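Peer 1: got a structure for you, letters missing:
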């Protein structure tokens, strides 16, 4: 049965290329560039193609050896090409835009959408949603959006659902240090300075407006991994046992995190695993580890949306 709507996503959703192809997702790709280096090493530049042309290990090894790439969102031409193709297909479409709290991607997509409305009329069924989510929480959102689409939600219904979903996604992630985040302007430089001096593992979360917040600290990676696991065990929905995990070239730590969660969980947990792609990796560096899941409404403590029910567990 043909889908009732198409989905457009960004490469930092960090789902695999195979998942995107199998589920008919159109992917808009971010890019990363680095100025010519004084040390003679080749600059780290490329397209965030979900590690099709460069492995995760190779990318993060180059960062370990001093590479400092910066990222760019899709161009206006790329937005327009994707939107024109969606309109030409005749199938209503939802674009799940990367976090407006740390990127101008959503704003750029809205500009392109206005031009499409001027050209094709204001009633085109093309919806641009600010997910207010990056990286692993966006993985979780897009994965569930595919389920909701396949269960029969219309484009309008799916857009409305996606616009609210971030309120129910709980996120905690760790980084080895805060230098890259401070360099990219994602956190104040003062926080990064203190963190480096104390030799701690910073724990961060995504605020309701999509910006990053320091949520705590842990001394050492083992304690930080335990904190990530405890966050899931204490705060996950009691009807939805789905957990998205991701790592930046530290898969053993991700396995350790999942083992701790599995031992302590009150039900079988379906893990959605991802590799932190270049777009996020440029800002968090190697050693990033994250854990995201559905929980109470972060605004007022309400339960997760009714559409996300425990049947997910049986599907896994």
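Peer 2: Cool, the structure landed. Just so it is clear, the model here is predicted, and its values are computed rather than measured.

Peer 1: need the phi and psi values for residue 61.
Peer 2: When read as degrees, to the nearest 10, the backbone of residue 61 gives phi -60, psi -40.

Peer 1: where does the stretch 1-150 of the chain have low pLDDT?
Peer 2: 1-3 (pLDDT under 70).

Peer 1: and for the stretch 151-300 of the chain?
Peer 2: Ranges of the stretch 151-300 of the chain meeting pLDDT under 70: 178-199.

Peer 1: quick one: the strands in it?
Peer 2: Using DSSP state E, counting those that start in this stretch, the strands of the stretch 151-300 of the chain run over 169-174, 201-206, 212-218, 242-247, 270-275, 289-294.

Peer 1: work out the gap between the last one and the centre of the chain.
Peer 2: So that's strand 289-294. Averaged C-alpha coordinates place strand 289-294 at 10 Å from its chain's average position (C-alpha atoms, centre = their mean, to the nearest Å).

Peer 1: same question for the second one.
Peer 2: In terms of C-alpha atoms, centre = their mean, the centre of strand 201-206 is found 15 Å from the chain centre.

Peer 1: returning to that earlier point: okay, the strands of the stretch 151-300 of the chain, which one's buried deepest?
Peer 2: strand 289-294 (a mean of 28; mean count of other C-beta atoms under 10 Å). The way it works is simple: take the backbone N, C-alpha and C, and place the C-beta from them, glycine included.

Peer 1: so which of the strands of the stretch 151-300 of the chain comes closest to residue 29?
Peer 2: strand 270-275 (15.6 Å; C-beta to C-beta).

Peer 1: what lines up beside that closest one in the sheet?
Peer 2: Take DSSP bridges as the rule and strand 270-275 pairs in its sheet with strand 242-247 (parallel).

Peer 1: can you list contacts of the partner strand?
Peer 2: Strand 242-247 has contacts (C-beta atoms under 8 Å, 6 or more residues apart in numbering) with 14, 135-137, 139-140, 143-144, 232, 236, 253-254, 257-258, 261, 269-276, 288-294, 312-313, 316.

Peer 1: could you pull out the helices for the stretch 51-200 of the chain?
Peer 2: Here the stretch 51-200 of the chain has its helices, by DSSP state H, counting those that start in this stretch, at 56-64, 76-89, 105-120, 135-150, 155-165, 179-183, 189-198.

Peer 1: packing partners of the third one?
Peer 2: Packing contacts for helix 105-120, counted by 3 or more C-beta pairs under 8 Å, 6 or more residues apart in numbering; DSSP states H and E, involve helix 76-89, strand 93-97, strand 126-130.

Peer 1: need the helices of the stretch 51-200 of the chain in TSV with mean neighbour count, can you?
Peer 2: Formatted as TSV, the helices of the stretch 51-200 of the chain follow (neighbours: other C-beta atoms under 10 Å):
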stretch	mean neighbour count
helix 56-64	18
helix 76-89	16
helix 105-120	17
helix 135-150	24
helix 155-165	19
helix 179-183	19
helix 189-198	14
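
Peer 1: which one, of these, ends up nearest to residue 212?
Peer 2: Among the helices of the stretch 51-200 of the chain, helix 179-183 comes nearest to residue 212, with 7.0 Å by C-beta to C-beta.

Peer 1: returning to that earlier point: wait, which of the helices of the stretch 51-200 of the chain is closest to residue 70?
Peer 2: Residue 70 lies closest, by C-beta to C-beta, to one member of the helices of the stretch 51-200 of the chain: helix 179-183, at 8.7 Å.

Peer 1: need the contact list for residue 221.
Peer 2: By C-beta under 8 Å, 6+ apart, the residues touching residue 221 are 174, 201, 253, 287.

Peer 1: so who does the last one touch?
Peer 2: In this case it means residue 287. Shown in contact with residue 287 (C-beta under 8 Å, 6+ apart): 174-176, 221, 248-250.

Peer 1: ok, those vs residue 153, which is closest?
Peer 2: Of all the contacts of residue 287, residue 153 sits closest to residue 248, with 32.7 Å by C-beta to C-beta.

Peer 1: go ahead and confirm the closest one touches residue 276.
Peer 2: Yes - if you go by C-beta atoms under 8 Å, residue 248 and residue 276 touch, sitting 4.1 Å apart.

Peer 1: how long is stretch 25-33 end to end?
Peer 2: Stretch 25-33 has an end-to-end distance of 26 Å (criterion: C-alpha to C-alpha, to the nearest Å).

Peer 1: same question for stretch 14-34.
Peer 2: 22 Å.

Peer 1: in it, which residues are buried?
Peer 2: 14-15, 19-20, 23, 25-32, 34 (16 or more other C-beta atoms under 10 Å).

Peer 1: so how far is it off the chain centroid?
Peer 2: Taking C-alpha atoms, centre = their mean, the mean C-alpha location of stretch 14-34 is offset from the chain mean by 12 Å.

Peer 1: before we move on, what about stretch 74-94?
Peer 2: Distance, stretch centre to chain centre, for stretch 74-94: 21 Å (C-alpha atoms, centre = their mean).
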